[in-house]
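Visitor: Provided below for reference: sequence and predicted model.
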Amino acid sequence: MGKFKHIEDFFKKYKWKYILGIFVLLFVDGLQLITPKILGYVTDALSAHTLSMKEIFFYAFLIVLIAVFIAAFRYLWRMLIIGSSRQLEFWLRNKLFAHLEKLSLNYFYHNKTGDLMAHATNDINAVRMAFGMGIVMMTDAIFLTASTIIIMMVSIDIKFTLIALIPFPFVAFIVMFFGKLIQKRFKRVQEAFSNLTDKAQESFSGIRVIKSFVQEESEINNFAKANEANLKANMNLVKVWGAMSPLVIFLSALSFVITLYYGGTLVIDKVISLGQLVSFISYLELLTWPMMAIGHVINVLQRGIASMTRINEILDTEPEIHDDDNTLDIDNFEESIEFRNLSFTYPGAKVPALSDINIKLEKGKTLAVIGKTGSGKSTLANLLLRLYNVEEGSILLGGYDINKIPIDLLRRKIGYVPQDNFLFSCSIRDNIAFADENMPFEKIEEAAKITSVHDDIIGFPNKFDTQLGERGVTLSGGQKQRVSIARAIAKNPGIMIFDDCLSAVDTKTEEKILSNLKEVTKDRTSIIIAHRISTVKHADEIIVLDEGRIIERGTHDELVALGGYYSSIYHKQLLEEKIAGQE
Amino acid sequence: MNNFHEEEVVVKTFDTQLLKRLLKYAKPYIGLISASFLLLILITLGDLARPYLMKIAIDDYIAVGNKDGLKNIALIFVAVITGSFACNYIQVYILNYTGQKIIYNMRQELYSHLLRMSLSFYDRNPVGRLVTRVSNDMENLNEMYTTVLVNLFKDIFTLTGIVIVMLRMNAKVALISFIAIPFIFLSALIFRKESRKAYRVTRVKLAKINATLSENISGMKIIQIFNREKYKYDEFFAINDEHRQASLREVFVFAIFRPSMDLIYSFSLALLIWYGGGRVLQGALPFGVLFAFVNYIDQFFKPINDLTEKFDILQSAISSAERIFMLLDQEEEIKNIESPKSLGKVIGKIEFKNVWFAYEGENWVLKDVSFTINPGETVAFVGATGAGKTSIISLIARLYDIQKGEILIDGKNIKEVDKYELRSHIGVVLQDVFLFTGDIKGNIRLNNQNIDDEKIKEVAGFVNADTFIENLPNKYDEKVMERGATLSSGQRQLLAFARALAFNPSVLVLDEATSNIDTETELLIQDAIKKLIKGRTNIIIAHRLSTIQNADKIIVMHKGKIREMGKHQELLDKKGMYYDLYLLQYKE
């Protein structure tokens, strides 16, 4: 049962609904057993001509009465059991999403979005089916089979019952054997389907590249491969699954033949009455459904288990980054930052991204980081946001070890502008007010003004209520960057991190934003990661990173005077200017 | 937020046109479907024979004590069920095969259709929704083809068969048994309407869940950094809750309908016993016939029950089909005209004549833009963000169509040439570099097998991407994760250069491509570009003026209009907007 440990809480809550539902279901099953008995009695009485019209009416009425009860109770168990299974779907999907939110970034780099989405829809569906119709069919199969067989043996004939039911064990065997095969092949179907979903997801996201490079035909061919793999996986499943149900029907019909032949002989020999034979056949009929249900239930349950296992893989993934016993009980810290002999290697990487970083940044100061692509600049930001864990004592904030600061507090205090400017598909207003849904409009407006995106927004017909597409497609790259900066500023954080965030804005806008930002960063501790000298030169300290190490540090003037890497970039930029000026 | 994901629940009646269209896809498999049909008839006959054989057994043999006759009937019975079993398996296999084939084709058609749609279509439709159409909605259709298409006739055969057999055995008793029919159909009708409504809402909500999920997973970094887990969870909870409500409504509809069908069955059983029993008492009806009737009634209800169950499937399939067809019916907005002109060898003259363009409505992004780029010229577009520079390159490749004016390449209106040919001559490096899951090599050559490994190394070396690639554990075979998440943006940029280069285009477009690269690498790239731009028409969009001072022509854009045009020095002398931009960049 370890497989279901993640949904135990749900069953604790819905225990009574399930128990009551199963109880009602059993009651319906019991009621169903009465009707064949009536049919048998009527048959015998008819044959013996001992029945009056009044009695016939009475029995007909009885059948209807039982049926009314059955209908009412069936409504009840459907609402109870199937209803609960829908609640389970809801509950599990929320749980999965909440868990995904806790997982660290690394996890999302290694797991495809499409895959994760398949878990949240298809797999949860399969689990829901198992705990809805699956439970109903299982209960029916067990109870109805057992009680019917007992009644047949007691009220008709033990030997007859045993002989008529000879095909049953074969049904059990076939179901077991096929069930295993089906589970295996079903898993392959799910995988093929998930692969197909991924493929579609990726092409639609990268449609611009596909179109620009006229890759439509080739992409269609690639998709055809995934499509075909899906077809093959399905047909492999059908080969076994398609045989199971007819085989079960065949065996149940075989049991019918035995009944007819052997039972008929018994009637001729006057061992049992014709009425008993009729009841027997009716009971057998009642058995057909649970027998088929066995086949189906195994299918549904196994799919459910397979899906549960896949969901468990996610739920069992421990969040790498979380508060623990060592987390301090603090609600604030001074905005000073210290890196002490910080070295860091990404999980799975061989080369460290950062080595021996030592920086002391006092409250209110600005640090600029410059360096080549891949020199470790963004890693610095990622670590400061604790998207990855670092060694104890290597990053200190306000004197506290970063690992001991509540994550919530840490991230609340940092305003971060990412490189990729991810915006959500909601209004511009909601994007800027992302940190706080109750943010007053003045603050939103102010943030937009500081980042010089206000005029752009006012230019849209719906102004701040303009909806953004899935990835903010209606905005230009520069506008996206500025909204993204506004989002961080509106948060009013004590520490600001700008990760190469002015790259897509033109020089005029950059100049304007920078002078506005000077006001914003005056009292804040800031880290500016950039490529342009113009962006970094006013910082209190500038460090130059190369292959994860600090190779130069100082103020702009110092670094220029140093004559190293920084000054060479600076001079290259000056040189460009000079050469350009000569023409 | 809502308006964006929500799809209107289209209320359409169960229209035959839709069904016809669905059947059209089955047409190529008419042979297999016929075979499956034939097998079905055999299976149905087998099903019908069973109660009849029982009637004979009871009335003709058991009642008179004829054991030999009973034995013969039993043997016939065995033969019938064995035959049924074989037919059943073959039929299931054939039918599933057919269904899978049809879905394969439809899915391929939908996917191809979607890939042909223009970018403005993708601006309007979230990826999650489109993926749902290609994946889940198609699965629903698959179920329809396998469960409904042919098996529907099985139910109809069975029903007709039973009616005929019953009428022939005893017309009066048969008619009494048929009283239930109107009730069954009435309740089926109500059920159909209700469950369809419930089902539609559920599917719309599910699509919404998918879209939200997809976005939140992509934006997880931002959610976590901004501490918005709780807020986003609540948002997701609300959407999930909407789905739950819809789903519970579905359960309710089924809970009402299914039991009431059984109730009607019991009513007619009671009716049969009351009337038929009376007839038996009067000696007007042999008992075996009554018994057969009880059996037939049971068999009679099964197909009706199945029929309504198929409605369930049909409903989901119909609403899926509606959504799919809605997409298929959206015309390609950017179409090739009939017999488009061939471009032949492109010399690369590009002209914009009074071009007006808006992504939507009257929201003009470009207003009356005119310019000419001569073959082999390098033209730089400068201006503030949002000035319309990016739109211009999308228009040259005809990723969007303009509303007014015309765009000419080598003197031919781009609307009159083959758009694929057009695009194949234009190499684009986009602002957002999109990488595909696969490896480094694959991302450079994309799917073009003519670009061999040698060529890949050559172009990578050319744009100085080789240094970082050689440092990767598997070099050119290094796996690239979804969207290239494991590479830095500079590395992604370099790959994009290599990719554009590999395709050796006549017209090269660089869209602010140098912005994410440090000065050193940028100088290397500029060096590469210098070699690269020879013999091509080049359009460079950059905000760093130094990179474009070598341009033959500079076009200064502002709020969708061309403000200034000319050579660097001319523009500087003019002391206009360009001069301002220039001063801003270089002043101390």
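Guide: Thanks, I have the structure now.

Visitor: and the residue most central in space within chain A, how far from chain B?
Guide: With distances taken as C-alpha atoms, centre = their mean, residue A:120 lies nearest the centre of chain A, 3.8 Å away. Here residue A:120 is placed at a distance of 6 Å from chain B (C-beta to the nearest C-beta, to the nearest Å). Yep, even glycine has a C-beta here, placed from its N, CA and C like the rest.

Visitor: please apply the same query to residue A:212.
Guide: Going from residue A:212 to chain B by C-beta to the nearest C-beta gives 4 Å.

Visitor: excluding chain neighbours, what is closest to that residue?
Guide: Here the nearest residue to residue A:212 in space, its sequence neighbours aside, is residue B:428; by C-beta to C-beta, 6 or more residues apart in numbering or on different chains that works out to 4.4 Å.

Visitor: can you give me the helices in the stretch 201-350 of chain B?
Guide: Secondary structure of the stretch 201-350 of chain B (DSSP state H, counting those that start in this stretch): helices at B:220-225, B:229-281, B:287-329.

Visitor: about what we covered before: who does the residue nearest to residue A:212 bridge with?
Guide: Beta bridges link residue B:428 to residue B:509 when assigned by DSSP bridges.

Visitor: same question for stretch B:449-468: list its buried residues.
Guide: Neighbour-count burial for stretch B:449-468, with 16 or more other C-beta atoms under 10 Å in any protein chain shown as criterion, is recorded at B:451, B:455-457, B:459-460, B:462-466, B:468.

Visitor: swap that for stretch B:52-62, sorry
Guide: In terms of neighbour count (16+ other C-beta under 10 Å), stretch B:52-62 has its buried residues at B:53-59, B:61-62.

Visitor: which residues are in contact with the residue nearest the centre of chain B?
Guide: Centroid-nearest residue in chain B: residue B:134, 2.9 Å away (criterion: C-alpha atoms, centre = their mean). Contacts of residue B:134 were listed using C-beta atoms under 8 Å, 6 or more residues apart in numbering or on different chains, and they are A:196-197, A:200, B:107, B:110-111, B:114.

Visitor: tell me which stretches of the stretch 301-450 of chain A form helices.
Guide: If DSSP H, counting those that start in this stretch is used as the criterion, the helices of the stretch 301-450 of chain A fall at A:377-384, A:407-413, A:428-432, A:441-450.

Visitor: among these, which is nearest residue B:85?
Guide: When the helices of the stretch 301-450 of chain A are ranked by proximity to residue B:85, the top entry is helix A:428-432, at 61.3 Å, counting by C-beta to C-beta.

Visitor: now that closest one: how far from the chain's centre is it?
Guide: Helix A:428-432 has its average C-alpha position 25 Å from the chain's average C-alpha position, going by C-alpha atoms, centre = their mean, to the nearest Å.

Visitor: what's the answer for stretch A:54-65, then?
Guide: Relative to its chain's centre, stretch A:54-65 lies at 55 Å (C-alpha atoms, centre = their mean).

Visitor: stretch B:326-337 now?
Guide: On the basis of C-alpha atoms, centre = their mean, stretch B:326-337 sits 15 Å off its chain's mean C-alpha point.

Visitor: ok, which of the buried residues of stretch B:52-62 also contact chain A?
Guide: Contacts with chain A are made by B:54, B:57-58, B:61-62 out of the buried residues of stretch B:52-62, judged by C-beta under 8 Å from any C-beta of the partner chain.

Visitor: looking at the residues you listed, which are in helices?
Guide: For those, membership in helices holds for residue B:54, with DSSP state H as the criterion.

Visitor: ok, the ones next to chain A among the buried residues of stretch B:52-62 vs chain A, which is closest?
Guide: Of all those, chain A sits closest to residue B:62, with 4.6 Å by C-beta to the nearest C-beta.

Visitor: for the closest one, which residues are in contact?
Guide: By C-beta under 8 Å, 6+ apart, the residues touching residue B:62 are A:264, A:267-268, A:274, A:277, B:70.

Visitor: farthest-separated two in those residues?
Guide: Farthest-apart pair in those is A:274 and B:70; separation 13.2 Å (C-beta to C-beta).

Visitor: quick revisit: save the helices of the stretch 301-450 of chain A as JSON lines, and put in mean pLDDT and mean neighbour count too.
Guide: Compiled in JSON lines, the helices of the stretch 301-450 of chain A are given as follows (pLDDT from 0 to 100; neighbours: other C-beta atoms under 10 Å in any protein chain shown):
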{"stretch": "helix A:377-384", "mean pLDDT": "85", "mean neighbour count": "23"}
{"stretch": "helix A:407-413", "mean pLDDT": "84", "mean neighbour count": "19"}
{"stretch": "helix A:428-432", "mean pLDDT": "85", "mean neighbour count": "24"}
{"stretch": "helix A:441-450", "mean pLDDT": "84", "mean neighbour count": "18"}
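
Visitor: possible to save those helices as a markdown table with distance to chain B?
Guide: Listed next are the helices of the stretch 301-450 of chain A as a markdown table, based on distance: least, C-beta to the nearest C-beta, whole Å:
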| stretch | distance to chain B |
| --- | --- |
| helix A:377-384 | 7 |
| helix A:407-413 | 5 |
| helix A:428-432 | 7 |
| helix A:441-450 | 14 |
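
Visitor: mind putting those helices in TSV, distance to residue A:207 included?
Guide: As requested, those are arranged in TSV below (distance: least, C-beta to C-beta, whole Å):
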stretch	distance to residue A:207
helix A:377-384	27
helix A:407-413	33
helix A:428-432	23
helix A:441-450	30
